[in-house]
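kindly generate the corresponding structure for this input.
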Amino acid sequence: MQQLTQELKSGKMEILEVPFPALNKGDVLVRNYYSVISAGTEGKTVTDARKGYVAKARSRQKEVKQVIDMVKRTGIMATYQLVMNKLDTPSALGYSCAGEVIAIGANVTNFKVGDKVACGGASASHADVVSVPVNLCVKIPDNVDLKHAAFTTIAAIAIQGIRQAELKMGENCLIIGMGLLGQLTAKILKASSVKTICVDVSDKQVLQSIDAGIENVYNRNTAGIEDLIQQFSNGNGIDAVIITAGSSSLDPIEFAGSSARKKGKVVIVGAVPTGFDRVNYFKKELDLRMSMSYGPGRYDINYEEKGIDYPIGYVRWTENRNMQSYIDLLASKAINVEPLISHTYTLENAPNAYDMILAKEEAFNGVLIKYDEAKKLVSSIELNKKTISKEDANIGMIGAGNFAQGTLLPKMKGFGNFIGVATARGNIARYVADKYNFNYCAESADQLINDANINTVFITTRHNSHAEFVIKAIKGAKNIFVEKPLALNEEELKEIRTEYQTAVNNNTAKKIMVGFNRRFAPAVMEVKKVFVQAQPKTINMRINAGIVAPDHWVNDPIIGGGRIIGEGCHFIDLAMFLAGDKITSVSANAMQDANSLNNTVSINLSFANGSIASINYFSNGNKNLSKEYIEVFCGGVVAVIDDYKTLTVYNKTTNITSFKGQDKGHANELKLFLRAISEGKASPISFDDCYLSTLATLKVIQSIKENRKINLDESN
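Residues are numbered from 1 along each chain as shown. Below is the predicted model:
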């Protein structure tokens with residue numbers, strides 16, 4: 001299949017051959033017939049990408065500040081590599097399309113193969129095939145043209161703005177900005193018996209709107225426009241103003257304030273500044289509202305990713321119901337959007353559409369991409385055929401996000417053969433495959449696990465899929481490197497242990513290792529040399545983890561598991577490694593927080609050799625303080641690691657070792673794991689250690705909930 005992509009560094013647009021996107025639980029796989037280019041949103045994205053570095057920095061000052069902060073924390077080279085990887089990655093474009101369902105994911109009950117659907121959201125891109133969550137899809141009846149239905153997502157934006165205005169039959173509305181979004185707003189309002197008057201600063205847009213059958217459209221700078229609006233509203237002023245313009249000027253918000261009646265509403269749908277003069281808004285007591293995209297549910301992980309709908313009795317109009325209401329208008333012939341279509345391009349010629357939009361040399365409105373419905377689609381992409389040895393680590397990559405691209409893959413080169421890669425998004429799989437010379441891009445993780453040429457899989461997906469892929473890979477007799485956590489709950493962990501033990505009994509078990517990289521940090525390895533393994537030690541760790549937004553996926557108990565399970569496991573494993581023996585008990589207390597996230601926690605561990613450890617994992621600190629500070633006390637000697645940059649050993653003399661940059665052990669970890677496979681050695685971390693560190697982490701959550709100390713032998 002093919003997909004339109006853009007490189008953020010240069011703005012280069014390309015039609016790439018990519019694998020099918022992953023079909024996740026709650027998703028539908030859709031073959032596109034049409035998609036719509038949003039001249040406003042996508043036009044700005046393309047414009048920014050085509051700017052030089054200095055212009056990019058000026059337009060993205062927030063991101064520049066983040067880069068500067070990262071340089072301070074991790075150094076110039078690490079930051080440079082991360083930024084350049086981001087800029088080099090081909091990005092998807094598009095968010096509104098229509099087509100036919102060709103497959104459905106698990107737990108999908110309201111769609112079937114063959115249904116015609118309209119789709120929205122970031123995954124509804126300009127591609128032959130898209131995978132979209134069910135709450136971002138609506139069915140299209142037979143009497144609706146799919147090219148008209150392709151406008152559904154953009155129409156839902158217009159509809160949400162109208163709902164925010166709370167307009168009633170017979171009331172009036174001023175629409176500021178008559179691009180595609182403004183014209184859709186006008187047509188929908190007319191179908192709802194709301195009178196409209198419309199303005200735009202462009203004569204082209206005014207003429208286009210009139211040609212599309214929209215009445216009362218004027219240039220904003222027409223002499224006497226204020227009087228025209230007063231006559232239109234019978235001298236009362238406008239009931240509600242909807243701003244659909246995109247502008248850096250304050251004029252739209254000021255003009256809205258002067259045009260609205262007393263107690264009227266102003267709804268901002270487009271991207272305009274809000275630094276308005278106070279006079280009109282104060283004297284008229286205007287109600288200023290923002291309209292968020294397609295409607296309630298947008299950007300809510302529970303609604304969009306998990307498919308949990310809002311009860312209609314409490315939320316009448318969600319983004320999905322807004323999308324459906326547009327389809328209903330089409331089905332009843334209440335609106336006609338055919339006049340809004342100005343251009344249609346094939347997917348192969350789609351880059352020309354953006355050139356046309358940015359050139360602004362000809363009038364344009366609704367710009368469609370039409371797909372070849374008869375074309376045979378290939379779900380996976382063959383790129384290379386390398387000669388490989390079965391004794392080597394022959395690698396299948398399941399997931400290849402920022403961490404895998406920026407940290408793992410560069411350090412894996414030279415220690416194995418890259419065979420196949422599978423990611424949620426096909427454009428990412430193709431980029432990674434090209435950059436690291438993989439043989440092919442897979443349509444799914446199962447394809448990699450079932451490939452006899454692959455003996456090693458790396459699992460770097462979101463946390464909630466780790467256990468599922470680990471179990472499948474054990475059954476497939478693969479060596480497994482899985483990023484933390486190994487599992488999100490004890491049921492998953494026990495299932496993994498049972499499956500692994502079965503493989504051991506059947507003599508098919510391979511290596512399983514969790515990415516507990518800090519064991520392999522040079523500073524930690526030096527500390528291990530200082531102390532005798534059997535000596536009891538006192539370990540103190542202060543982790544300045546930093547603030548993560550409460551709605552970030554890692555804090556979601558089902559997807560991310562929370563920060564203790566998602567990251568705290570690193571330090572529990574490191575404490576066990578430094579102590580030199582097994583964890584025997586866990587107790588923990590969490591600071592109360594408004595969101596009940598339990599991510600600022602004090603953890604106490606006991607070990608079989610008498611060692612004890614205290615881990616203070618704090619998410620309420622300041623990023624200017626170093627993140628990880630580790631102290632080990634034993635026999636009159638103290639070793640202190642400060643963020644893996646320095647190691648200070650207090651003995652008869654004080655020795656300070658400074659390391660080159662910050663090395664958290666990823667390179668050593670990957671080299672040792674992959675060499676263990678090719679050389680037939682034991683895994684650098686045993687399965688038992690991975691299991692025990694994960695179990696102890698899960699017991700931290702149990703200890704917090706039950707307010708007691710947990711002995712690990714309770715689980716055996």
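
and stretch 431-443, which residues are buried?
Buried residues in stretch 431-443, counting neighbours by 16 or more other C-beta atoms under 10 Å, are found at 431, 432, 433, 435, 436, 438, 439, 440, 441, 442, 443. Where you see a C-beta, it was placed from the backbone N, CA and C, and this is true even at glycine.

would you confirm that residue 595 contacts residue 549?
No: using C-beta atoms under 8 Å as the test, residue 595 is too far from residue 549 to be in contact (9.8 Å).

who touches both of the two?
Overlap of the contact sets of residue 595 and residue 549 (by C-beta atoms under 8 Å, 6 or more residues apart in numbering) consists of residue 555.

residue 633 belongs to a strand?
Yes: Residue 633 forms part of a strand when assessed by DSSP: H, G, I helix; E, B strand; the rest coil.

neighbours of it, just the number please.
Neighbours of residue 633 under the rule other C-beta atoms under 10 Å: 17.

which residues does it form a beta bridge with?
Note on residue 633: beta-bridge partners residue 538, residue 638, judged by DSSP bridges.

and it, how far is that from residue 519?
According to C-beta to C-beta, to the nearest Å, residue 633 stands 19 Å off from residue 519.

center of this structure - which residue?
The centre of the chain sits closest to residue 553, judged by C-alpha atoms, centre = their mean, with a distance of 8.5 Å.

quick one, what contacts residue 570?
With C-beta under 8 Å, 6+ apart, residue 570 has these contacts: 484, 516, 517, 518.

again, only using 6 Å
Shown in contact with residue 570 (C-beta atoms under 6 Å, 6 or more residues apart in numbering): residue 518.

over to residue 585?
Contact analysis of residue 585 by C-beta under 6 Å, 6+ apart lists 606, 709, 711.

export the buried residues of stretch 431-443 as CSV, with columns for pLDDT.
What follows is the buried residues of stretch 431-443, written out as CSV (pLDDT from 0 to 100):
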residue, pLDDT
431, 95
432, 96
433, 96
435, 95
436, 95
438, 97
439, 97
440, 97
441, 97
442, 96
443, 93
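
so where's this protein shaky on pLDDT?
For the chain, the stretches with pLDDT under 70 are 56-57, 59, 73, 714-716.

mind giving me the packing neighbours of the longest helix belonging to it?
Longest helix in the chain by number of residues (criterion: DSSP state H): helix 687-706. Helix 687-706 sits against helix 490-505, helix 569-579, strand 583-590, strand 710-711, with contacts defined as 3 or more C-beta pairs under 6 Å, 6 or more residues apart in numbering; DSSP states H and E.

didn't the residue nearest to the centre of the chain look like it was pressed against residue 560?
Yes: between residue 553 and residue 560 there is a contact at 5.1 Å, judged by C-beta atoms under 6 Å.

identify the contacts common to the two.
Joint contacts of residue 553 and residue 560 (C-beta under 6 Å, 6+ apart) do not exist.

what's next to stretch 449-456, contact-wise?
Outside stretch 449-456, the residues that reach it (C-beta under 6 Å, 6+ apart) are 393, 394, 395, 396, 419, 448, 472, 473, 476, 479, 677.

nearest residue to residue 509 in space, please, no chain neighbours.
Nearest residue to residue 509 in three dimensions, chain neighbours excluded: residue 503, at 3.8 Å (C-beta to C-beta, 6 or more residues apart in numbering).

picking that back up, what's the ChimeraX syntax to select whichever of the contacts of stretch 449-456 are buried?
Buried members of the contacts of stretch 449-456, defined by 16+ other C-beta under 10 Å, are picked up in ChimeraX with:
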select :393,394,395,396,419,448,472,473,476,479,677
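
from the contacts of stretch 449-456, which land in helices?
Using DSSP H, those in helices are 448, 472, 473, 677.

do you know how far the first one is from residue 19?
Using C-beta to C-beta, residue 448 is found at 11 Å from residue 19.

check the second one too.
The gap separating residue 472 from residue 19 is 19 Å, by C-beta to C-beta.

what does residue 186 give?
Between residue 186 and residue 19 the computed distance is 41 Å (C-beta to C-beta).

do the same with residue 198
Separation of residue 198 from residue 19 (C-beta to C-beta): 45 Å.

one more: residue 647?
For residue 647, the distance to residue 19 - C-beta to C-beta - is 45 Å.

okay, those two: which has more neighbours?
Ranked by neighbour count (other C-beta under 10 Å), residue 647 and residue 19 place residue 19 first, with 28 against 23.

hmm, that one is touching residue 440, no?
No: the criterion here is C-beta under 6 Å, and residue 19 misses it with residue 440 at 8.3 Å.

which stretches of the stretch 351-500 of the chain form helices?
Counting by DSSP state H, counting those that start in this stretch, one finds helices in the stretch 351-500 of the chain at the ranges 402-403, 409-412, 426-436, 445-449, 466-475, 490-505.

need the helices and strands packed on helix 687-706 in TSV (columns: distance to residue 28).
Compiled in TSV, the helices and strands packed on helix 687-706 are given as follows (distance: least, C-beta to C-beta, whole Å):
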stretch	distance to residue 28
helix 490-505	26
helix 569-579	34
strand 583-590	39
strand 710-711	42
